[in-house]
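In: need a 3D model of the sequence below.
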Amino acid sequence: MIPQPPVLLALSSMARRLRVTAKWLRAEADAGRIPCVRGDGVYLFDPDTVERVLLERARKPADLAEALRKAAETAPEPAKSWLLALAGEGAVAEEVGAG
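Out: As a prediction, the model looks like this:
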């Protein structure tokens, strides 16, 4: 049996499937964080591969800690302290770890 080639989705279709903006998806692809096939201004994505990459990224604790720190930059207190604690930083982190 001959293996079937993957079904590739255009940028707008993949963005709709992921429920993200096409601008975000293009930026992630341009940065090399999401695999795609590019040519002549056209972006094509293998949905299974993209979803696997995004799931793996979401499971990385470093990414979560970085996202929590970034959210803390604009968060008001006490949310800022708790976000930093969840990221493993600050005095509240020590209190939470000791608790």
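In: just the strands in the chain please.
Out: 9-10, 37-39, 42-45 (DSSP state E).
In: and those, which one is worst for confidence?
Out: For those, mean pLDDT drops lowest on strand 37-39, to a mean of 93.
In: which elements pack onto that one?
Out: Applying 3 or more C-beta pairs under 8 Å, 6 or more residues apart in numbering; DSSP states H and E, one finds that strand 37-39 makes contact with strand 42-45. No exception for glycine: its C-beta is placed from N, CA and C like everyone else's.
In: what's the strand it packs on in contact with?
Out: 8-11, 14, 25-26, 29, 34-38 (C-beta atoms under 8 Å, 6 or more residues apart in numbering).
In: can I have the buried ones of those as a PyMOL selection?
Out: Restricted to buried positions by 16 or more other C-beta atoms under 10 Å, the PyMOL selection for the contacts of strand 42-45 reads:
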select buried, resi 9+11+14+25+26+29+34+36
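In: just the contacts of strand 42-45 now: which is nearest Leu68?
Out: Taking C-beta to C-beta as the measure, Leu68 lies nearest Ile34 of the contacts of strand 42-45, at 21.9 Å.
In: so what's the closest one closest to, chain neighbours aside?
Out: In space, and not counting its chain neighbours, Ile34 is closest to Glu28: 4.3 Å by C-beta to C-beta, 6 or more residues apart in numbering.
In: was I right about the one you found contacting Ala22?
Out: No - at 10.8 Å, Glu28 does not count as touching Ala22 under the criterion of C-beta atoms under 8 Å.
In: please identify which of the two sits among more neighbours.
Out: Glu28 (19 against 15; other C-beta atoms under 10 Å).
In: quick revisit: how about TSV for the contacts of strand 42-45, with distance to Thr74 added?
Out: Below are these laid out as TSV (distance: C-beta to C-beta, whole Å):
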residue	distance to Thr74
Leu8	37
Leu9	33
Ala10	34
Leu11	29
Met14	29
Leu25	24
Arg26	25
Ala29	27
Ile34	25
Pro35	31
Cys36	31
Val37	36
Arg38	33
